[in-house]
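# here are the coordinates; sequence isn't available:
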């Protein structure tokens, strides 16, 4: 199954957690790439 992953935001450089629940949501939506930005940077866009 899915496990939480620590990723690095490409905008601010901070680490953020891509949770198992988020991974499942991404898979359901058909997204194949992991998020590149943390939530704060995504919200700012």
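Arrived safely, thanks for sending. Model, not experiment: these values are computed from the prediction.
# what segments of the protein are strands?
5-8, 15-18 (DSSP state E).
# now the ones you listed in TSV, with distance to residue 29, mean neighbour count and mean pLDDT?
Where C-beta positions appear, they are placed from N, C-alpha and C, glycine not excepted. Shown next, in TSV, are the strands of the chain (distance: least, C-beta to C-beta, whole Å; neighbours: other C-beta atoms under 10 Å; pLDDT from 0 to 100):
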stretch	distance to residue 29	mean neighbour count	mean pLDDT
strand 5-8	17	12	98
strand 15-18	14	14	98
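# distance to residue 27 for those strands - can I get that in a markdown table?
Listed next are these as a markdown table, based on distance: least, C-beta to C-beta, whole Å:
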| stretch | distance to residue 27 |
| --- | --- |
| strand 5-8 | 13 |
| strand 15-18 | 12 |
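# quick one, phi/psi of the spatially most central residue of the chain?
Closest residue to the average C-alpha location of the chain: residue 35 at 3.8 Å, with C-alpha atoms, centre = their mean. Torsion angles at residue 35 (phi, psi; degrees, to the nearest 10) stand at phi -60, psi 140.
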